[in-house]
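In: need a structure here:
(one chain, ligands or ions: 2)
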Amino acid sequence: MRLMFLGDVVGRAGRKAVVDRLPGLVDDLRLDFVVVNAENAAGGFGITEEIAQDLIDAGADALTLGNHSWDQREALVFIERQPRLLRPANYPKGTPGKGANLYVAKNGARVLVVSVMGRIYMDPLDDPFAVAEREIAACPLAEQADAIVLDVHAEATSEKQAMAHHFDGRVSLVIGTHTHVPTADWQILTGGTAFQSDAGMCGDYDSVIGMEKDEPINRFTTKIGRARFEPAGGEATVCGLVVEVDEASGLATRVEPIRIGGRLSQALPRF
Ligand SMILES: [Fe+2]
Ligand SMILES: [Fe+2]
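Out: Ligands and ions are numbered 1, 2, ... in the order given. The predicted structure is shown next:
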């Protein structure tokens, strides 16, 4: 089976690129399951119910979030009625929504998606290793799940690599999100888990991590905020990873990056 993960969708440009391209990609690449990180989909900050539905209608089977989960307050409410939307599992007890869920893919396979947030240069949440362990133990690979995708929303590559090696052989894909820049380290780890430190963003790369450049530069150089951050509006690159998963073991057999449109060098899976 084939899974695709797309990195953080940033603003209107990112949404347009994903909504325009995703249906064709699902057909052309014969994708069975698609996960999209959508924490920056609404004006760069959070997600609305309408935007979540647009991404699902375009072909996203699950949407993950991150530190921007609640920037649009309505997400606190509609996440309870939208099972395809996940927030990090290691938020405090009582947080609305879920951090993991089991879905049925197009080929009938059962896919567990787990979202956790790192703690290095991030909010001090519950231990993401222990929380991911709990979710994966409740629905093990090749038993209750035919594939498992773990989104590690984190700043530090060390934390993401440690997470990947810790779960190597027990999940299909460990994918980093949050830095908005794709890393060139996609690989299948020795135990059979596909990994990339960061999927990159679906956004305009003529920007500072998806935002118009002027205000970030201003804040770095003067330390005085002058304007709001606005998502950059140029053509976005759809950016992520495609993984082929063995249907018996649930482990990865091939992994390739995908980068379509916009300014980044273009990449399409060769399988
Ligand atoms: Fe993000
Ligand atoms: Fe983030």
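In: you'd agree Arg263 is up against Gly203?
Out: No: using Cβ atoms under 8 Å, Arg263 makes no contact with Gly203, being 10.4 Å away. For every residue, glycine as well, the C-beta is placed using N, CA and C.
In: Overlap of the contact sets of the two?
Out: Contact criterion Cβ atoms under 8 Å, 6 or more residues apart in numbering; residues shared by Arg263 and Gly203: Thr237.
In: Show me which of those two is the more surrounded one.
Out: Gly203 (35 against 13; other Cβ atoms under 10 Å).
In: I'd say the more buried one and Leu6 touch.
Out: No: Gly203 is beyond contact range of Leu6, at 10.8 Å (criterion: Cβ under 8 Å).
In: What segments of the stretch 151-271 of the chain are helices?
Out: Ranges of helices in the stretch 151-271 of the chain, per DSSP state H, counting those that start in this stretch, are 157-166, 214-222.
In: okay, now Val18: neighbour count?
Out: By other Cβ under 10 Å, the residues close to Val18 number 27.
In: Also Arg228?
Out: Residues near Arg228, counting by other Cβ under 10 Å, number 11.
In: Report all helices and strands that the longest helix anywhere in the chain contacts.
Out: In the chain, assigned by DSSP state H, the helix with the most residues is helix 11-28. Secondary-structure packing of helix 11-28 (3 or more Cβ pairs under 8 Å, 6 or more residues apart in numbering; DSSP states H and E): strand 2-6, strand 33-37, helix 49-58, strand 238-245, strand 252-260.
In: Quickly check: that helix near ligand 1 or not.
Out: No: using Cβ under 5 Å from the ion, helix 11-28 never reaches ligand 1; the gap is at least 10.0 Å.
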